[in-house]
Structure formats: C-alpha cells, structure tokens
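In: Quick one: sequence plus predicted model below, questions after.
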Amino acid sequence: MENKIIAVCTTNINDDKVIDSLGMIQKEAAMRDWKIVVICTTAVTSYQNTEVDADIQIFKDINYSKFDGIIMFSEYVKDDETLNYIAAQGKKIGIPVLSFERKIKDSIAVMVDYVTSFEKLVRHIIEEHRVTRVDFMSGMPDNEFSLERENVYKKVLRENGIEVDDNRIAYGYFWEDPCREASEKLLEYDIPEAIICANDVMAITVCNMVREKGYRVPEDVIVTGFDGIPQAKWNEPRLTTCGADFRIMAQKMMSIISDYIRGEKVKEEYSIPYEYELGGSCGCLNAHHNVTPEMIFEYYNFNRRHSLYQMNMYQMQAEMSRKDSAMQIAHVLHSYMPANGYVFVDDNIPEFSLGSKKNSDEKNNLVRVLVKKYENEIEIGTVISMDDIVPNFEAELSISHPLVIMPIHSITRNMGYFAFSMPMDKISFAFAIMYNHATGNALDTFKTQKYLLQINRKLEEVNDRMAELYIRDPLTKLFNRRGFYNSVPEMLKSCYAKGLEVFTASIDLDELKSINDTYGHAEGDNAIKTFGNALLVNADKDDVCARFGGDEFVVVGFAQNAEEAGKRYIKSVEAYLNNYNRDSGKPYKICASTGIVFEKPDGIATIDEYIMKADRIMYQNKKERKAFRSKVRSISSMSAENKNI
C-alpha cells in the first residue's frame with residue numbers, strides 16, 4: 001500500500017502538542033511510504049467562538065477526493081458543522097475518516113482514555129503515598145471533564161475509607177488566575193497532604209501558591225497535574241502528571257487507516273492510553289529542573305531570532321505597502337518566503353488579477369498563483385481550480401516533509417492560502433506562521449501596521465526581560481556574577497582613562513544560615529532582599545552592586561576621591577540597615593561584615609585583584625564580629641544565670 005495520501009485537519013497549529021502530534025504522524029506515515037497533507041489554521045477555536053469562520057472555511061474549500069484517508073483533530077477544530085462536513089465528504093468518497101478525541105457521525109472515533117489514567121494517578125497518591133487529607137482542584141463546575149475527574153477522585157476516596165469533604169474541592173477553571181483564588185480557599189481550610197489537580201496549568205499554580213505559603217513541594221504537600229503540557233517538565237519540581245504518547249497515537253491511527261484500506265473490519269471507536277508520568281512533585285522521583293543562566297540565554301536567543309524574523313516581516317509589509325501592482329507584491333513575497341511553496345489568492349479579488357481578463361459577473365472556484373518559490377525558481381500568475389489544491393499535486397508531495405496548507409485571510413474573508421513544505425519543527429513552523437500572517441496583513445494594509453507594531457513591542461519587552469534575567473540575580477535584582485563581569489572591566493578601563501579612583505567593597509551578610517535555620521528560608525530570602533536593597537538605594541548611578549551568590553556581595557564605585565566616597569557609602573548602608581532593624585519587628589537583625597579597598601587604577605591591576613584585597617579585610621572583619629557576638633552572648637548568659645541565683 002504505497003503512495004497513499006492522508007489529510008490531517010486541525011486548528012491551533014502553533015500549539016506544541018499539535019506540532020508534536022503531527023511530527024509523529026509524519027514519521028509513522030513515512031515508514032509506510034505514505035504522504036501527509038496538513039490542512040490547518042492558527043485560530044484557537046472554541047464552542048462559542050464564531051469569529052473564526054473565515055479561518056475554518058479552508059476545511060470546506062478542500063477537495064477531499066485527492067486523499068486516501070482523513071484525520072480530524074476534532075477537539076481542536078470543535079466546530080460541529082465543519083467536522084460533520086469533513087466526515088460526510090469522507091463517507092461520500094469512501095475513505096476512512098478518523099476523529100481524534102470526539103465522536104463525530106460517519107467517522108471512526110479515536111478516544112483518549114482519560115478516566116483510567118486519572119484513576120491510576122489518584123490511586124497512586126492515595127494508596128501508594130498513603131495520604132488521607134487530599135484536596136482536589138477541579139476545573140469548571142458542571143464541565144464534562146471536570147465532573148469526570150471529580151467523580152474519580154470521590155470514588156477512590158470512598159474505596160479507601162476516606163470521607164469526601166466538599167471543603168476539600170475547589171474550582172480553578174483550568175486557568176491560573178481563578179486557580180490562585182481557589183487555592184487560597186483550600187489552604188485557608190487546612191494544609192493538606194496532597195492536592196490533586198485536574199490539569200497541569202492549575203497544578204503549576206498550586207505549586208507556586210504552596211511555596212508562597214512557606215511550604216515545600218512535595219515534602220510538605222504533594223501536588224499532581226493532568227494533561228502533560230511541556231511546562232510540566234520545567235516546573236520545579238517536575239510535575240507528576242498524565243500525558244499522551246504521541247507515537248502510540250500515530251501508530252494506532254495509521255494502523256486503523258491501513259486496515260480500512262485493505263478492506264478489513266474496523267471498529268467504530270478505539271481507545272489509546274493516557275499514561276501517568278511520575279515526577280518530583282509527588283516525591284517518587286528526584287526530578288528537578290533548575291533553570292540555569294545558560295538555559296535562560298538559550299531562550300533569550302530563541303526569542304531574539306523570533307523577534308528578528310518578525311522585524312523582517314514588518315520590512316516585507318513596508319515594502320509591499322509601497323508597491324502599486326500585484327506583480328510587484330509577488331516579487332516581494334518571493335524574496336521573503338521561508339520555505340519552498342506557493343501563495344495563492346482568490347481569483348475573484350480583482351486587485352490580484354495581474355492584468356488578465358476574467359468574467360466579473362460570476363464567482364468562480366479558481367485561485368491564482370500569486371507566487372511560487374522553488375529554490376531560485378519563481379512563477380507568477382498561473383490560474384488553477386481550487387479542487388487541484390496545488391499545481392501537479394502528487395508531484396509536489398514528499399514522504400519526508402508534509403505539505404501544509406494555511407488560509408490567508410483578513411478579518412472577514414479568506415483571500416487565498418499558503419501551501420509550503422518544511423520539516424515538522426517548532427521554529428520552522430513559527431517562521432511559516434509569521435510569514436502567513438504577515439502576508440494576510442500586508443494584503444489588508446490598515447490592520448497590518450496596527451498588528452505588527454503591537455507584536456514587535458511585546459517581543460522587545462520579552463527580549464529585554466530575558467536579557468535582564470541573564471545578568472541579574474532574581475532575588476535582589478542586583479547584577480549576578482556574569483552581569484558584574486560584563487560591566488566592571490570596561491568601566492575600570494574608562495576610570496583609568498579619566499584619572500578617577502575606585503573603591504571595591506567585599507561584603508558578607510552575617511548570620512544568614514542562622515536566620516534560615518531558625519526562622520525559615522522565606523525569612524532568609526527577606527534578609528537577602530533587604531540587604532540587596534540597602535546596597536542599591538545608597539549607590540550612586542555609576543556604582544555597580546552585585547550578588548555573587550549566597551551571602552556574598554560586591555560593590556564597586558568610581559569617584560575623584562574613592563576613600564571619601566566609599567566610606568560615605570558604607571556608612572549610608574549601615575544607617576539604612578539600622579533603621580530597618582529598628583522598625584521591621586523581625587526577631588533577627590540584618591548586619592554585614594565589610595572589607596573595602598581604595599585604589600587608583602594603573603591600567604594593569606584587575607578587578608579580581610581588588611576583590612581579593614577586599615576579601616582579606618572582610619574575612620578579618622567577619623572573624624572579629626563573630627568573636628564579639630560570641631562574647632556578648634556569653635555575658636548575656638552569665639547575667640541571666642546571676643539573676644536566677
């Protein structure tokens with residue numbers, strides 16, 4: 001059964017789970033020498049949303065007689081009329097139509113067994129971890145999925161002799177903000193041994209809320225999620241959750257289609273497992289994912305590439321806005337196209353007629369190739385029937401890469417579609433999606449400018465925040481070691497050139513371990529943040545304040561008279577801390593040991609040499625302060641004993 005062509009219909013193509021699913025379907029199809037055509041939109045559809053009609057029209061415009069089978073991602077498409085139309089077309093042609101996650105007439109349902117997997121997860125927490133005070137963070141009241149999971153929770157409680165307490169059930173509406181409010185109510189009732197959540201977004205929120213209350217996950221409170229979103233793996237600790245094995249899903253789908261084509265009997269409904277994935281949030285695995293500066297920088301670079309390509313799209317639209325013919329627009333589109341493919345426009349739109357004559361009295365089913373790109377080849381103006389999808393349809397298909405078809409639309413109508421072939425990876429799809437959007441917006445000029453200016457601002461803000469995370473200590477907002485060394489060496493050269501002096505202060509926060517051990521890490525964090533603020537608010541605009549890690553801080557300042565400036569700075573910091581200690585009401589005092597040196601740069605000595613000198617003085621000061629504190633405690637103890645006598 002070689003050379004079969006399978007259509008996959010889905011919305012929300014920029015969703016990670018959709019892309020991962022399509023990638024596995026592509027691999028399984030390639031193993032059979034089958035080819036995949038993905039018919040998709042970027043729209044996020046809902047059962048009540050009627051504003052995506054122009055987007056989902058693409059599913060009714062396609063000629064399904066070109067295919068040997070159809071897969072519908074029905075829970076993403078959602079629109080019943082559209083799903084029923086696709087299924088009816090498949091029945092009419094006599095090809096199998098698979099409906100993933102929903103039962104649709106005239107289709108073979110491929111359902112995910114959520115109930116069994118959720119019950120396994122709940123039993124794991126209650127029966128294997130042997131907890132009895134178990135809260136449940138449900139989704140929406142009366143929602144099908146919420147009730148299904150809530151009933152499983154109640155069933156397992158009762159079977160284990162645990163009374164169902166409605167005070168232990170809250171509704172987080174599957175999203176962060178309402179979940180925070182619901183978590184507050186649960187945690188006010190009491191601190192449970194475990195909180196089982198109906199999805200991962202709420203579980204991540206619950207983890208944050210538990211920590212904000214001063215408790216640990218999973219040592220104090222076990223937290224679990226459900227649905228296996230990518231963020232679950234990067235939560236700290238990694239979530240215990242349930243997720244689909246996309247490989248198993250793809251294998252099952254290809255097997256059903258293969259059986260149908262061979263004439264074998266197939267069932268009306270199939271089920272695929274939803275496996276639970278043990279993580280660190282229940283304590284079974286030491287599954288921690290510490291976010292390192294390198295990881296942050298990697299995400300920063302990804303966002304920067306995204307931002308740069310978005311700016312390229314802005315440039316493309318700016319160029320197109322200066323063109324006065326469809327032929328000129330086509331050349332611009334060709335030069336920016338991110339992959340081999342076509343841009344088609346509705347031949348009923350006169351602005352894209354390319355000067356050819358057409359009967360304007362009748363609406364036809366024709367589309368015009370506005371531009372075709374294959375390596376350096378360019379083709380403009382060919383008119384084909386929409387039924388053909390692309391010129392030389394079968395010749396354009398590849399086993400290694402799917403043909404992807406997306407609508408190009410304005411607010412109210414489809415203007416055509418973008419057909420391209422590229423690897424199934426997130427960055428390639430991100431670029432293709434941006435190109436598709438930019439093309440649609442450029443053909444609808446007014447919306448173009450407004451849309452892209454807004455997106456660019458958001459991307460620049462994200463990049464700025466990511467850059468700050470890379471060089472800043474997240475707790476104090478001071479420079480971290482990397483930020484410090486990015487700035488100070490160049491400033492030292494400038495100081496030497498200007499004939500300025502420099503003071504270097506090495507400062508250690510005293511008794512931090514004692515604060516953590518006695519009052520908890522939340523108070524330790526408070527001490528660190530307060531001390532960091534003391535350093536920052538008293539610094540001059542050119543001073544550099546950094547937290548090197550733990551209780552270690554370094555401050556570098558530049559002045560005509562470094563000794564005067566440095567002593568004044570240390571005195572201001574001490575005054576700030578004295579005022580805080582007097583007014584805070586905390587049972588501990590925030591103090592520090594300091595070593596400071598004053599130098600006139602000679603162009604040879606490095607900042608590390610200055611820090612080493614300051615360190616020696618600081619350690620001597622720390623030793624003296626520790627001895628003094630011990631002496632004070634000893635005298636206080638003796639005085640107390642004398643009073644008792």
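Out: Yep, it's here.
In: hey, where'd the helices end up in the stretch 401-550 of the chain?
Out: 426-442, 445-471, 481-498, 512-519, 521-537 (DSSP state H, counting those that start in this stretch).
In: how far does stretch 159-175 stretch from start to finish?
Out: End-to-end distance of stretch 159-175 (C-alpha to C-alpha, to the nearest Å): 30 Å.
In: what does stretch 229-238 give?
Out: End-to-end for stretch 229-238, by C-alpha to C-alpha: 12 Å.
In: what's the answer for stretch 549-567, then?
Out: First residue to last in stretch 549-567 (C-alpha to C-alpha) measures 24 Å.
In: Go through it and flag the buried ones.
Out: Neighbour counts using 16 or more other C-beta atoms under 10 Å place 551, 553-559, 562, 565-566 of stretch 549-567 among the buried residues. Any C-beta I mention is one placed from the backbone N, CA and C, and that applies to glycine too.
In: can you list the residues that contact stretch 466-480?
Out: 293, 296-297, 299-300, 303, 482-483, 486-487, 525, 528-529, 531-533, 535-536, 544-548, 553 (C-beta atoms under 8 Å, 6 or more residues apart in numbering).
In: if you set the cut-off to 6 Å instead, what comes out?
Out: 293, 296-297, 300, 303, 482-483, 528-529, 532, 545-547 (C-beta atoms under 6 Å, 6 or more residues apart in numbering).
In: Most widely separated two among the residues you listed?
Out: Greatest spatial distance among these (C-beta to C-beta): Asn303 and Ile528, at 28.6 Å.
In: which of these two has more neighbours?
Out: Ile528 (23 against 17; other C-beta atoms under 10 Å).
In: residue ranges with poor pLDDT in the protein?
Out: Low-confidence segments of the chain, defined by pLDDT under 70: 1-2, 45-53, 286-296, 298-299, 349-364, 375-378, 410-413, 445-454, 629, 631-645.
In: show me the contacts for Phe420.
Out: Contacts of Phe420 by C-beta under 6 Å, 6+ apart are 339, 341, 404, 432.
In: Doesn't Ile6 belong to a helix?
Out: No - assigned with DSSP: H, G, I helix; E, B strand; the rest coil, Ile6 falls outside any helix and is strand.
In: coming back round to it: which one of the contacts of Phe420 is nearest Thr382?
Out: For these, the nearest to Thr382 is Gly341 (14.0 Å; C-beta to C-beta).
In: can you tell me which residues contact that closest one?
Out: 419-420.
In: can you pull up the bridge partners for it?
Out: Lys373, Phe420 (DSSP bridges).
In: who wins for most neighbours among the contacts of Phe420?
Out: That'd be Val404 among the contacts of Phe420, by other C-beta under 10 Å, with 26 neighbours.
In: Please name the residues that touch the residue nearest to that residue when sequence neighbours are not counted.
Out: Nearest residue to Val404, sequence neighbours excluded (C-beta to C-beta, 6 or more residues apart in numbering): Val38, at 4.6 Å. By C-beta under 6 Å, 6+ apart, the contact list for Val38 reads 8, 402, 404.
In: Just say helix, strand or coil for Val38.
Out: strand.
In: Mind listing the residues bridging to it?
Out: Val8, Val404.
In: Check the gap between it and Ala419 for me.
Out: 10 Å (C-beta to C-beta, to the nearest Å).
In: what does Tyr580 give?
Out: In terms of C-beta to C-beta, Tyr580 sits 65 Å off from Ala419.
In: The two: which has the busier surroundings?
Out: More neighbours surround Ala419 than the other of Tyr580 and Ala419, with 23 against 16 (other C-beta under 10 Å).
In: hang on, the earlier thing: taking the buried residues of stretch 549-567 together, which two end up most distant?
Out: Among those, Asp551 and Ala559 lie farthest apart (C-beta to C-beta), at 26.6 Å.
In: For the residue nearest the centre of the chain, which non-adjacent residue is spatially closest?
Out: Computing the C-alpha centroid of the chain and ranking residues by C-alpha atoms, centre = their mean puts Gln231 first, at 6.4 Å. Nearest residue to Gln231, sequence neighbours excluded (C-beta to C-beta, 6+ apart): Ile204, at 6.2 Å.
In: okay, now that neighbour: neighbour count?
Out: Counted with other C-beta under 10 Å, Ile204 comes out at 24.
In: Check which helix or strand it maps to.
Out: Here Ile204 sits within helix 200-212, counting by DSSP states H and E.
In: Please name the residues that touch Tyr496.
Out: Here Tyr496 is in contact with 601, 603 (C-beta under 6 Å, 6+ apart).
In: Which elements pack onto the helix holding Ile204?
Out: Counting by 3 or more C-beta pairs under 6 Å, 6 or more residues apart in numbering; DSSP states H and E, the packing neighbours recorded for helix 200-212 are helix 176-189, strand 194-197, strand 222-224.
In: Just say which of those is most tucked in.
Out: Neighbour counts (mean count of other C-beta atoms under 10 Å) averaged over each of the helices and strands packed on helix 200-212 peak at strand 194-197, with a mean of 28.
In: and stretch 195-213, how far from the chain's centre?
Out: 17 Å (C-alpha atoms, centre = their mean, to the nearest Å).
In: Helix or strand next in line after the helix or strand containing Leu98, which one?
Out: Assessed by DSSP H and E, Leu98 sits inside strand 97-100. Where DSSP H and E defines the elements, the next helix or strand beyond strand 97-100 is strand 108-113.
In: Mind listing the strands that next one pairs with, and their directions?
Out: strand 97-100 (parallel), strand 269-277 (parallel).
In: Now render these as a markdown table, adding mean neighbour count and distance to Lys91.
Out: Converted to a markdown table, the strands paired with strand 108-113 look like this (neighbours: other C-beta atoms under 10 Å; distance: least, C-beta to C-beta, whole Å):
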| stretch | mean neighbour count | distance to Lys91 |
| --- | --- | --- |
| strand 97-100 | 26 | 7 |
| strand 269-277 | 17 | 16 |
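In: so which of those strands gets nearest Pro423?
Out: strand 97-100 (22.5 Å).
In: Provide the contact partners of that closest one at residue level.
Out: 70-74, 87, 90, 107-110, 253.
In: ok, of those residues, which come out buried?
Out: Applying 16+ other C-beta under 10 Å to these flags 70-74, 87, 90, 107-110, 253 as buried.
In: Nearest to Arg262 among the contacts of Phe420?
Out: Nearest to Arg262 among those, with distances taken as C-beta to C-beta, is Val404, at 28.1 Å.
In: where's the closest one relative to Phe431, distance?
Out: Taking C-beta to C-beta, one finds Val404 at 12 Å from Phe431.
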